[in-house]
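> quick one, structure for this:
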Amino acid sequence: MTGTISTDGNGDGVNDLVVGVTRDTNNQLVETSTAFSANGVMLSRSVKSTSVDGLSVTTQVDRFGTGSFDATTTDVTVTSPGFRPVPQQTPPWLIGGVHVV
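Residues are numbered from 1 along each chain as shown. As a prediction, this is how the structure comes out:
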């Protein structure tokens, strides 16, 4: 499944949110969400990559629209023979592997 959805949430004729879904060269599912201001300036962006087996999800966020990612989280589901998968999520106080107090 690939495609793009654009939304004009306030009816001003400018897309406020654009969401695109593609597959990268490793066949991972990549979902990109970008929020725009009324004059078309990027406000924020997130890119979520899901592994082919669905067991790993990495999310990169540009919270302020600077063009650089300022936070990355990775959620991994660990499997063991005979047991059901157990999701392991990055704690919310970890941003980019640095403990934030």
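> neighbours around residue 34, how many?
Here the count is done by other C-beta atoms under 10 Å, and residue 34 has 19 residues near it. (Each C-beta comes from the backbone N, C-alpha and C, glycine too.)
> and it, bridged to which residues?
residue 18, residue 45 (DSSP bridges).
> contacts only, for it.
Counting by C-beta atoms under 8 Å, 6 or more residues apart in numbering, residue 34 touches 17, 18, 19, 42, 44, 45.
> most neighbours among those residues, which one?
Going by other C-beta under 10 Å, residue 45 tops those with 21 neighbours.
> give me the residue at the spatial middle of the chain.
residue 48 (2.8 Å; C-alpha atoms, centre = their mean).
> which strands and helices sit next to the strand or helix carrying it?
If you go by DSSP states H and E, residue 48 is part of strand 42-50. The contact analysis (3 or more C-beta pairs under 8 Å, 6 or more residues apart in numbering; DSSP states H and E) places strand 42-50 against strand 29-36, strand 56-62.
> give me the angle between it and strand 56-62.
170 degrees (axes from the mean of the first three to the mean of the last three C-alpha atoms, to 10 degrees).
> just the angle between strand 42-50 and strand 29-36, please?
Angle of strand 42-50 versus strand 29-36, following the same axes, to 10 degrees, is 170 degrees.
> return the distance of strand 42-50 from the chain's centre.
Computed by C-alpha atoms, centre = their mean, to the nearest Å, the separation of strand 42-50 from the middle of its chain amounts to 5 Å.
> over to stretch 54-72?
The chain centre lies 6 Å from the centre of stretch 54-72; the measure is C-alpha atoms, centre = their mean.
> how long is it end to end?
Terminal residues of stretch 54-72 are spaced 18 Å apart (C-alpha to C-alpha, to the nearest Å).
> buried residues of it, list them for me.
Buried residues in stretch 54-72, counted by 16 or more other C-beta atoms under 10 Å: 57, 58, 59, 60, 61, 62, 71.
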